[in-house]
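# Compute the structure for the input listed below.
(one chain, ligands or ions: 1)
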Amino acid sequence: MIPEHSLDPADWDELRALGHRMVDDVLDYLATVRSRPAWRSVPVDVRARLAEPLPLEPTPPEAVYEQFKRDVLPYPTGNVHPRFWGWVIGTGTPLAMLADMLASGMNSQVAEFDDAAALVENRVIAWFVELFGLPAGTSGLLVSGGSMANFVGLAVARNARAGFDVRTQGVGAPGTPRLIVYASSETHSSVRKAVQLLGLGDESLRLISVGADYRIDVAALRTAIAADRTAGHRPVCIVGNAGTVNTGATDDLVGLAALCRAEGLWFHVDGAFGALACLSPALRPLVAGMERADSLAFDLHKWMYLPYEVGCTLVRDQVAHRATFTVTPSYLAALDRGISAGGFPFAERGMQLSRGFRALKVWMALKAYGIHAFARLIEQNVAQARYLADLVTAQPRLELLAPVPLNVVCLRYVAPGFAGARLDVLNREILMRIQEAGVAVPSHTVLDGRFALRVAITNHRSRREDFDLFVRTVVEIGDALAGD
Ligand SMILES: Cc1ncc(COP(=O)(O)O)c(C=O)c1O
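Below is the predicted model:
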């Protein structure tokens, strides 16, 4: 007889011992993260070791794990570190990490089956619907992140407001108008990607100017809508920002909601991180109007501090949501009883059919920490942004480059004799040196043509002293470079 194989261990106790070591090691790693550099580049010899040939024969799991500890674990992106403030990248939590392990153990396929994972995801979505003040019955889906969350919202927007059957005819069919989406010039690139992938093309995306506060100019938006109607185009959607990626600005969401209603447009809000401000009663007024969105995209791996990847889209009109994504071949049709009865049709709310149990880490974290803990941390990050802004303002060698309404601070080093492109080059060098020194990881952007060091705080490990050290280091490096 031909022997039959499996990937289960020959000796479960051996794997159990290894698993216990892994858990101990990774918890130690997280507990001591502050003592390591915020980031370091992968050394040449490690890169060479990782460029391995295809493994045809087995290596003992202990040996693979030892290589992981030597060649992989020491060189992370760095966002677990208290001084990582680049882009908008969250920290992760030890408990949610363990939840991911449990979810992998169950290995649920959360498409549309009658299983507990679907109930957990459904509950998590209902909690966010309640938190954000959307009506009960609002539909939702956990996705890989903000980009996919924007894509799902904009896909529903396009189909619901096109005025013709996009699913059958496609966009650009003869006799159909060009569909137009509006957003501020500060809107995240994922919205542009979504507009492109939805077949609308860049020529269908109107990027409206912003004021000095980086919020959309609503009057200019009104004018653009009127001009498009006159030209025979069909405006379909306005995207409002709750926390822009560059500066954390939030558009006038109340005004945008009213304009959408008056114009019959879909109101999509990109609240990738800013939406979470709503958890704090003190910060909630900043994102007022968000609850009037037709669709809302937000991330849980940013300002909910959960490990990658997890974001969410909420869609007020569950019929429109499902109508955008349902395609039910016979092999996926629900039956009256059995596993394909009574589940929630998550696969009919987005692009993915096969989906993992991302909801478990969200559910466990929300229950174990409680919403108030997240609200306090979000408030703490906003207070830290203000603290940093004050340090910058008080330091003659630093300049604040934008208002700080939320958790993002844009600054640069200034020195006599440096201006324009020379100052940009100097600040670019400061940024690279501070990252390479492993002191901190801010990122960069360009504001009104000026290169900015950008600190986005979605980090539950940061302390005020971390911002003191950051400011001291920027000034030290800047002074040394400017003096050269
Ligand atoms: C405002 C905003 N929208 C969308 C995104 C995209 O989210 P993700 O990186 O989770 O796809 C980001 C990411 O930083 C963002 O800041």
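
# Now the closest residue to Ala249 other than its chain neighbours. Its backbone dihedrals?
Spatially, and ignoring its direct neighbours in sequence, Ala249 is nearest to Tyr214 (3.8 Å; Cβ to Cβ, 6 or more residues apart in numbering). Heads up, the C-betas are built off the backbone N, CA and C, glycines and all. The phi/psi pair for Tyr214 (degrees, to the nearest 10) reads phi 60, psi 20.

# Excluding chain neighbours, what is closest to Met351?
Leaving out its chain neighbours, the residue that sits closest to Met351 by Cβ to Cβ, 6+ apart is Phe325, at 7.1 Å.

# Number of residues surrounding the one you found?
By other Cβ atoms under 10 Å, 20 other residues sit near Phe325.

# I figured it was touching Pro345, is that so?
No: Phe325 is beyond contact range of Pro345, at 9.0 Å (criterion: Cβ atoms under 8 Å).

# For Ala385, pull up the helix or strand it's in.
Per DSSP states H and E, Ala385 falls inside helix 371-394.

# What mean pLDDT does that helix get?
Here helix 371-394 scores 98 as its mean pLDDT.

# Packing partners of that helix?
Helices and strands touching helix 371-394, by 3 or more Cβ pairs under 8 Å, 6 or more residues apart in numbering; DSSP states H and E, are strand 398-400, strand 408-413, helix 464-483.

# just the ones you listed: most buried one?
Counting by mean count of other Cβ atoms under 10 Å, strand 408-413 has the highest mean neighbour count of the helices and strands packed on helix 371-394, with a mean of 27.

# Report all helices and strands that it contacts.
Judged by 3+ Cβ pairs under 8 Å, 6+ apart, strand 408-413 is in contact with helix 371-394, strand 398-400, helix 420-436, strand 450-456, helix 464-483.

# Now do the buried residues in the longest one.
Same thing as helix 371-394. For helix 371-394, the neighbour count (16 or more other Cβ atoms under 10 Å) marks 374-375, 377-382, 384-385, 388-389, 391-392 as buried.

# List the contacts of that helix.
With contacts defined as Cβ atoms under 8 Å, 6 or more residues apart in numbering, helix 371-394 is touched by 131, 248, 276-277, 279-283, 303-305, 366, 398-400, 404, 406-409, 411, 455, 457-460, 462, 464, 467-468, 470-471.

# The last one too?
Outside of helix 464-483, the residues that reach it under the criterion Cβ under 8 Å, 6+ apart are 82-83, 384, 387-388, 391-392, 395, 397-398, 411, 413, 415, 417-418, 426-427, 429-430, 433-434, 437, 439-440, 442, 453, 455.

# Distance to the ligand for the buried residues of helix 371-394 - can I get that in a markdown table?
Putting these into a markdown table (distance: Cβ to the nearest ligand atom, whole Å) gives the following:
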| residue | distance to the ligand |
| --- | --- |
| Phe374 | 18 |
| Ala375 | 20 |
| Leu377 | 18 |
| Ile378 | 15 |
| Glu379 | 20 |
| Gln380 | 20 |
| Asn381 | 14 |
| Val382 | 16 |
| Gln384 | 18 |
| Ala385 | 15 |
| Leu388 | 19 |
| Ala389 | 19 |
| Leu391 | 24 |
| Val392 | 22 |
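
# circling back to that earlier point, relative to strand 450-456, how tilted is the helix holding Ala385?
Here helix 371-394 points in a direction 150 degrees away from that of strand 450-456 (axes from the mean of the first three to the mean of the last three Cα atoms, to 10 degrees).

# the helices in the stretch 101-250 of the chain, which residues?
Ranges of helices in the stretch 101-250 of the chain, per DSSP state H, counting those that start in this stretch, are 116-131, 146-161, 166-169, 189-197, 218-230.

# Next, format the ones you listed as TSV and append distance to the ligand, mean pLDDT and mean neighbour count.
Listed next are these as TSV, based on distance: least, Cβ to the nearest ligand atom, whole Å; pLDDT from 0 to 100; neighbours: other Cβ atoms under 10 Å:
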stretch	distance to the ligand	mean pLDDT	mean neighbour count
helix 116-131	16	98	18
helix 146-161	2	98	25
helix 166-169	24	96	14
helix 189-197	4	98	18
helix 218-230	18	98	15
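
# Save these as TSV, and put in distance to Arg34 too.
Converted to TSV, the helices of the stretch 101-250 of the chain look like this (distance: least, Cβ to Cβ, whole Å):
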stretch	distance to Arg34
helix 116-131	31
helix 146-161	28
helix 166-169	51
helix 189-197	32
helix 218-230	44
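
# between these, which gets nearest to Leu314?
Of all the helices of the stretch 101-250 of the chain, helix 116-131 sits nearest to Leu314, with 6.0 Å by Cβ to Cβ.

# mind checking how far that closest one is from the chain centre?
The chain centre lies 19 Å from the centre of helix 116-131; the measure is Cα atoms, centre = their mean, to the nearest Å.

# Kindly report the same for stretch 431-444.
With Cα atoms, centre = their mean, you get 21 Å for stretch 431-444.

# The residue lying closest to Ser204 once chain neighbours are set aside: what's it in contact with?
Leaving aside its chain neighbours, Ser204 sits nearest to Ile180 (5.4 Å; criterion: Cβ to Cβ, 6+ apart). Shown in contact with Ile180 (Cβ under 8 Å, 6+ apart): 204-206, 225, 228, 233-236.

# Specify which member of the residues you listed is nearest to Gly137.
Checking the contacts of Ile180 against Gly137 with Cβ to Cβ, the nearest one is Val236 at 23.3 Å.

# Enumerate every residue touching the closest residue to that closest one other than its chain neighbours.
In this structure, Val236 finds its nearest non-sequential neighbour in Arg161, 3.9 Å apart by Cβ to Cβ, 6+ apart. Counting by Cβ under 8 Å, 6+ apart, Arg161 makes contact with 179, 234, 236-237, 264-266.

# Ala103 too?
Contacts of Ala103 by Cβ under 8 Å, 6+ apart are 117, 356-358, 360-361.

# and the gap between it and Leu73?
As defined by Cβ to Cβ, to the nearest Å, Ala103 lies at a distance of 21 Å from Leu73.

# Quick one: neighbours of Leu56, just the number.
Using other Cβ under 10 Å, the number of residues around Leu56 comes to 5.

# hang on, it is in a strand, isn't it?
No: checked against DSSP: H, G, I helix; E, B strand; the rest coil, Leu56 lies outside a strand; its state is coil.

# Relative to Ala452, how far out is it?
As judged by Cβ to Cβ, Leu56 and Ala452 stand 50 Å apart.

# With Gly78 instead?
20 Å.

# Could you check which of those two has the larger neighbour count?
Higher neighbour count among Gly78 and Ala452: Ala452, with 25 against 20, using other Cβ under 10 Å.

# Leaving out the residues flanking it, which one is nearest to the more buried one?
Distance criterion Cβ to Cβ, 6+ apart; nearest residue to Ala452, sequence neighbours excluded, is Cys410 at 4.1 Å.

# quick one: contacts for the one you found?
246-247, 400-402, 445, 447, 452-455.

# TSV for the residues you listed, including distance to the ligand and pLDDT?
Shown next, in TSV, are the contacts of Cys410 (distance: Cβ to the nearest ligand atom, whole Å; pLDDT from 0 to 100):
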residue	distance to the ligand	pLDDT
Asn246	9	98
Thr247	11	98
Leu400	20	98
Leu401	18	98
Ala402	15	98
Thr445	11	98
Leu447	15	97
Ala452	15	98
Leu453	17	98
Arg454	11	98
Val455	14	98
